[in-house]
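*Asks:* generate a structure from the sequence data that follows.
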Amino acid sequence: MRKTLLAANWKMNKTAAEAEAWLEAFYPLEAEKAAADGLVEVAVCAPFTALYPLHRGLKKKNSVVELGAQNIFWQERGAFTGEISAEMLLEFQTKYVICGHSERRVLMQESSETVSRKCGAAAKAGMVPIICVGESISVRRGGLLKQWLEAQLYESLTFWDNQQEIVLAYEPVWAIGTKSAATTEDAQEACGYIRQILRERAGDLADDIRILYGGGVTPENIGGLLICDDVDGALVGGSSLDPVGFDKIVMAAVQLKTKK
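*Replies:* Purely as a prediction, here's the structure:
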């Protein structure tokens, strides 16, 4: 049974002080207890500067919420100005690392080869890469969704030897930062095909790998996304900036899970 994962992606938002305030507001809400009871897994992928105060705050509260980073460099250390290594992330007990988010693929021109190297560094250090794939609206309209996903997956997974834990995140580029989230049918088509590719690569192991949906996730549409057989959670952007809104998303997932 794949445990539902709700991962907040704050992107380039929240100072250290704002992160602490978010945690203070989120901790008393229902989502924290649901995570502590093992009903779902909750993670916060924060900017580098917010990881330490979050780590300190979560430890102080004995919280089960996991920490995630939004990027990593593939070298262990050296003359790489501005980069962050796995060792630096592990200092704050970081569990997850987002790799290959479409914003980095497009704005920072990260190739799938680069994404694979970053994932390899995270996995080698014992962290879990959240590997993002997804298509633009022109690719979708051109009927090339499956070819696009297959190419991104194969090139982004060259580091993987079917042993390390990984999480996949399907994020249609046309839905990110908009109110145009994929429909239930869109999400299942893409996530089902991702699992099919993983099965070709890793056999029955593919059934244990969690696939998240990301892009326009809200408390109102999360239920429709999570009823999909191959959607195991969500990578939540804008809606996660509000602790109450993120709590509503987590609890909607819990309610759906307890009904099954």
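
*Asks:* ok, residue 6 - how many residues close by?
*Replies:* 29 (other C-beta atoms under 10 Å). C-beta coordinates here come from the backbone N, C-alpha and C atoms, glycine included.

*Asks:* contact partners of the helix or strand containing it?
*Replies:* Applying DSSP states H and E as the criterion places residue 6 in strand 5-9. The contact list for strand 5-9 (C-beta atoms under 8 Å, 6 or more residues apart in numbering) reads 31, 40-46, 68, 70, 96, 98, 101, 130, 167, 210, 212, 214, 232-237, 240, 246, 249-250, 253.

*Asks:* quick one: buried residues of the helix or strand of the chain with the lowest mean pLDDT?
*Replies:* Ranked by mean pLDDT, DSSP states H and E, the helix or strand of the chain with the weakest confidence is helix 137-141, at a mean of 89. Within helix 137-141, the residues that count as buried by 16 or more other C-beta atoms under 10 Å are 139-140.

*Asks:* same question for stretch 166-182.
*Replies:* Those would be 166-176, 181-182, for stretch 166-182 by 16+ other C-beta under 10 Å.

*Asks:* closest to residue 111 among the residues you listed?
*Replies:* Nearest to residue 111 among the buried residues of stretch 166-182: residue 173, at 15.7 Å, using C-beta to C-beta.

*Asks:* so that closest one makes contact with residue 138?
*Replies:* No - between residue 173 and residue 138 there is no contact under C-beta atoms under 8 Å: 9.5 Å.

*Asks:* run a quick neighbour tally on the nearest residue to residue 237 once chain neighbours are set aside.
*Replies:* Residue nearest to residue 237 in three dimensions, not counting chain neighbours: residue 9, with 5.2 Å by C-beta to C-beta, 6 or more residues apart in numbering. Residues contacting residue 9 under the criterion other C-beta under 10 Å number 28.

*Asks:* who touches the closest residue in space to residue 8 that isn't next to it in sequence in this structure?
*Replies:* Spatially, and ignoring its direct neighbours in sequence, residue 8 is nearest to residue 240 (3.3 Å; C-beta to C-beta, 6+ apart). Contacts for residue 240 (C-beta under 8 Å, 6+ apart) come out as 8-10, 44, 246, 249.

*Asks:* in these, find the pair that's most separated.
*Replies:* 10 and 249 (14.0 Å).

*Asks:* of the two, which one has the most company?
*Replies:* residue 249 (25 against 21).

*Asks:* which of the helices or strands spans the more buried one?
*Replies:* Element membership of residue 249, judged by DSSP H and E, is helix 243-259.

*Asks:* residues contacting that helix, please?
*Replies:* Residues contacting helix 243-259 (C-beta under 8 Å, 6+ apart): 4, 6, 8, 22-23, 25-26, 29-31, 34-35, 39-40, 42, 217-219, 222-223, 226-227, 233-234, 236, 239-240.

*Asks:* ok and it relative to strand 5-9, angle-wise?
*Replies:* Orientation check (axes from the mean of the first three to the mean of the last three C-alpha atoms, to 10 degrees): helix 243-259 against strand 5-9 gives 160 degrees.

*Asks:* the longest helix along the chain - what's its average pLDDT?
*Replies:* Scanning the chain for the longest helix, with DSSP state H as the assignment, gives helix 184-202. On average, the pLDDT along helix 184-202 is 95.

*Asks:* the residue nearest to residue 119 when sequence neighbours are not counted: which element?
*Replies:* Among residues not flanking residue 119 along the chain, residue 129 sits closest, at 4.0 Å (C-beta to C-beta, 6+ apart). When elements are assigned from DSSP H and E, residue 129 belongs to strand 128-133.
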